[in-house]
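>>> Sequence first, then the predicted structure, then my questions.
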Amino acid sequence: METRRCTIIRTVGPAMPRGERPQQKPARKSPSSPQLWDLKIAVIVARDDDGERLIRELQRLRCGIKHIWPMPPQIPAQFDVVFCALSSDLPQRLPWIPGEPAAALVVVDNGEGPLDLGLLHNCAAHSILHYPTTPRSVETALSLARGHFLYERRLRGRIEKLDESLRTMRSVERAKSLLIRIRDMTEEEAYNYLRKQAMERRVTIGVVAKAVVDSFELLS
Amino acid sequence: MKEPSNTTEPWRVGVLFSQTGFMSIIEETQLRGTLTAIDEINSSGGVNGRPIEPICYDPGSEASAFGLLAKKLMVEDDVSTIFGCYTSSSRKAVLPVVERLNGLLWYPTLYEGFEFSPNVIYTGATPNQNSVELCRILMETYGNRFYFVGSDYIFARDSNRIMRELVRTSGGTVVGESYVRLGADRFEFTPVMRDVKRLRPDVIFSTVVGDGTIYLYQAYCNLGLDPRVMPIASLTTSESEIGAMGYDVGEGHVTAAPYFQGVGNERNSTFVRQYQRRYGEDQPTNMCLEASYFQVNVFARTLEQTNSMDTEILRASVMGSEFSAPQGEVVINPTWGHADLWTRIGRANRQGQFDLIYESPSCVSSDPYLLGYGRKLKQKSFEFA
């Protein structure tokens, strides 16, 4: 889990004229923006000019690239990010169910045919790349996709943890009320007792609470 | 979703219940309940002049198939509302799909609670609507030594965790606990029942589901145990399972449910009559079938007002709505999106029906996280003291 804390230092300098880019200097990133180098990336697009440019740009960003074409019936899942041409059956080719993606997905739109927002919705993509490819569009699409993917994963983890904690809370409450009644403790003392036991035994407070409740049942 | 205003195009909805595999015995009845309701609605003109068209798939009792088919329904069939799921594992497989693609799952089965998804309407009971009263009645009637047996999955483990809490807080003990795998074979239940026979509890609390239910009760019967002194109590054994195991095998055992076929009101008699006209005089109704039936009606009445299948609009509009179901008046609880349901406890008789031993005075507010239950419990233990 990325939980690094950093201070962002802003430097003040002359404003850059519109349209001008710093020469080949890597874009300045907030320290908490997702790292893009060393990502394993599948690129599933035709190798036309735009496709070539996309691959070159990802290589320039120091990513590990695997090019796959034609599009396989099942998109491989063992990558960090998948760039994939938008086809009308892309949702069916994705090996995961929406909501539980195994990789960040960037759909690549070559701009042909009418726009299908329903299709885009069903792909549950993390980002989109429109042709013609530019270095700027590739890097932003990659960064956004990776960021959304990681954020989704953190949220899912948080919900899991919350669900678990809700269950644990019940045993903690029960253990506390037992201690208050039997050991004649105050609520504060009972909680501190549970926490101290948990720290000494290097287990969670839920485990200690459950043990207290269990042993109470054995003794009574 | 595109909703042209002047059209007779059907409202398409997804239906996911197993017609094959070890859960089909009960899920088949949920499918029937769903289709019966849809047929009734369509034969009286549909919803705003448009019929409801069910798209049904058979996940074959495999949890992962539920997830994949939910995706298929939403992605290929362009459906946003799905009626389906019995086991908690299948619900949890569908959950990420409806949450990510913003669909609405209508879930007509009792479950262990401790869940709240903005993309699910829950119309089966949660522990405060069945386990709490069941525990009280069992302790008053049979004694306080419990044995737990369950199918090895989320529902059973969590329901037993809650029941254990209830039993303990009321001064009882759990003398033994066994789990058999989901979809277990008949012979796997014999050792469990031997263990029961040895420990002689006052009550066996069963959270076994599917075909296993039948094997469990039959293994009990084969060992010559007596339900009058040591019944099996369950949250899931309905008229359908009793019919499958044999009326003599089921007789005397106890079930807590919002609905039994024998519920005495005009609405229910009509429901049972119409169901049996369609599927045969010997086909019983049950709690899961009833929930499947009334939730389609709640959906249709909501759709009539919204005239849109958009999940946001549909959900906002269904919250707080009241409905006269075969079990009695029910409400979709506006805080939780779970239904406020009746609590009933029945004992199976020789005709495969349940004789009521407890009935709540009205529908009981849903409390999936048991927030109001610490207080209730004190009252309960006070009563016992």
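Nice, thanks for sending it over.

>>> CA only for contacts and neighbour counts going forward, please
OK.

>>> Any idea how many residues pack against residue 82?
By default, I'm working from chain A. Residues near A:V82, counting by other Cα atoms under 10 Å in any protein chain shown, number 27.

>>> meant chain B actually
B:I82, neighbours per other Cα under 10 Å, totals 25.

>>> Quickly list what it is bridged to.
For B:I82, the beta-bridge partners are B:G14, B:L105 (DSSP bridges).

>>> Now do the contacts for it.
B:13-16, B:70, B:103-106 (Cα atoms under 8 Å, 6 or more residues apart in numbering or on different chains).

>>> Turn the residues you listed into JSON lines, columns for pLDDT and neighbour count.
Shown next, in JSON lines, are these (pLDDT from 0 to 100; neighbours: other Cα atoms under 10 Å in any protein chain shown):
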{"residue": "B:V13", "pLDDT": "98", "neighbour count": "20"}
{"residue": "B:G14", "pLDDT": "98", "neighbour count": "23"}
{"residue": "B:V15", "pLDDT": "98", "neighbour count": "26"}
{"residue": "B:L16", "pLDDT": "98", "neighbour count": "28"}
{"residue": "B:A70", "pLDDT": "98", "neighbour count": "33"}
{"residue": "B:G103", "pLDDT": "96", "neighbour count": "24"}
{"residue": "B:L104", "pLDDT": "97", "neighbour count": "26"}
{"residue": "B:L105", "pLDDT": "98", "neighbour count": "29"}
{"residue": "B:W106", "pLDDT": "98", "neighbour count": "24"}
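
>>> from the residues you listed, which two are the most distant?
B:L16 and B:G103 (13.9 Å; Cα to Cα).

>>> that older thread, go through the contacts of B:I82 and name the one nearest A:L120.
Nearest member of those to A:L120, counting by Cα to Cα, is B:G103, at 15.5 Å.

>>> my guess is that closest one meets B:I121, correct?
No: counting by Cα atoms under 8 Å, B:G103 sits too far from B:I121 to count as a contact (10.9 Å).

>>> Spell out which parts of chain B neighbour chain A.
Residues of chain B lying close to chain A (Cα under 8 Å from any Cα of the partner chain) are B:67-68, B:71-72, B:74-75, B:96-97, B:99-101, B:114-115, B:168, B:173.

>>> Low-confidence ranges, chain B, go.
By pLDDT under 70, the weakly predicted segments of chain B are B:1-6, B:374-385.

>>> how does it divide into domains?
B:11-125+B:264-340, B:128-262+B:343-384 (automatic domain parsing).

>>> got a markdown table for these, with distance to A:D48 too?
Listed next are the domains of chain B as a markdown table, based on distance: least, Cα to Cα, whole Å:
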| stretch | distance to A:D48 |
| --- | --- |
| domain B:11-125+B:264-340 | 29 |
| domain B:128-262+B:343-384 | 50 |
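
>>> Off-centre distance for stretch A:185-205?
Computed by Cα atoms, centre = their mean, to the nearest Å, the chain-centroid distance of stretch A:185-205 equals 34 Å.

>>> same check, this time on stretch B:325-341
Centroid displacement of stretch B:325-341 relative to its chain, using Cα atoms, centre = their mean, is 13 Å.

>>> ok, the residue lying closest to B:E188 once chain neighbours are set aside - contacts?
With sequence-adjacent residues excluded and distances taken as Cα to Cα, 6 or more residues apart in numbering or on different chains, B:E188 is closest to B:V180, at 7.1 Å. Contacts for B:V180 were tallied using Cα under 8 Å, 6+ apart; they are B:149-152, B:188-189.

>>> do that again at 7 Å, thanks
Contacts for B:V180 (Cα atoms under 7 Å, 6 or more residues apart in numbering or on different chains) come out as B:150-152.

>>> who's it bridged to?
B:V180 has these beta-bridge partners by DSSP bridges: B:S151.

>>> measure the residue most central in space within chain B to B:V97 for me?
Closest to where the C-alpha atoms of chain B average out (Cα atoms, centre = their mean) is B:T109, at 2.8 Å. Note on B:T109: its distance to B:V97, by Cα to Cα, to the nearest Å, is 19 Å.

>>> which element is the closest residue to chain B within chain A on?
Chain B sits closest to A:G99 of chain A, with a gap of 4.6 Å, by Cα to the nearest Cα. Taking DSSP states H and E as the definition, A:G99 sits outside all helices and strands.

>>> wouldn't it be in contact with B:R100 here?
Yes: the pair A:G99 / B:R100 is scored as a contact, 4.8 Å apart, by Cα atoms under 7 Å.

>>> which phi and psi does A:K66 have?
Main-chain dihedrals, A:K66, degrees, to the nearest 10: phi -130, psi 120.

>>> typo on my end, B:L314
Taking degrees, to the nearest 10 as the convention, B:L314 sits at phi -60, psi -50.

>>> mind checking how far it is from B:G337?
12 Å.

>>> Compare the two (neighbour count), which wins?
In this view B:L314 and B:G337 are compared by other Cα under 10 Å, and B:G337 has more residues nearby, 24 against 19.

>>> how about the nearest residue to the more buried one, chain neighbours excluded?
B:I121 (5.3 Å).

>>> contact partners of the helix or strand harbouring that neighbour?
Using DSSP H and E, B:I121 sits in strand B:120-122. For strand B:120-122, the surrounding residues in contact (Cα under 7 Å, 6+ apart) are B:104-108, B:337-339.

>>> Just name the closest of those residues to A:V108, please.
Among these, B:L104 lies closest to A:V108 (Cα to Cα), at 29.3 Å.

>>> So which residues of the chain form helices?
All of this refers to chain A. Applying DSSP state H to chain A gives helices spanning A:49-60, A:90-93, A:117-123, A:135-182, A:187-201, A:205-219.

>>> try again with chain B
B:24-43, B:63-75, B:88-101, B:131-141, B:154-169, B:190-199, B:211-222, B:239-245, B:247-250, B:266-279, B:287-306, B:311-318, B:373-384.

>>> Now distance to A:T134 too, for those, in JSON lines please.
Formatted as JSON lines, the helices of chain B follow (distance: least, Cα to Cα, whole Å):
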{"stretch": "helix B:24-43", "distance to A:T134": "53"}
{"stretch": "helix B:63-75", "distance to A:T134": "31"}
{"stretch": "helix B:88-101", "distance to A:T134": "30"}
{"stretch": "helix B:131-141", "distance to A:T134": "61"}
{"stretch": "helix B:154-169", "distance to A:T134": "49"}
{"stretch": "helix B:190-199", "distance to A:T134": "67"}
{"stretch": "helix B:211-222", "distance to A:T134": "60"}
{"stretch": "helix B:239-245", "distance to A:T134": "64"}
{"stretch": "helix B:247-250", "distance to A:T134": "71"}
{"stretch": "helix B:266-279", "distance to A:T134": "64"}
{"stretch": "helix B:287-306", "distance to A:T134": "45"}
{"stretch": "helix B:311-318", "distance to A:T134": "38"}
{"stretch": "helix B:373-384", "distance to A:T134": "60"}
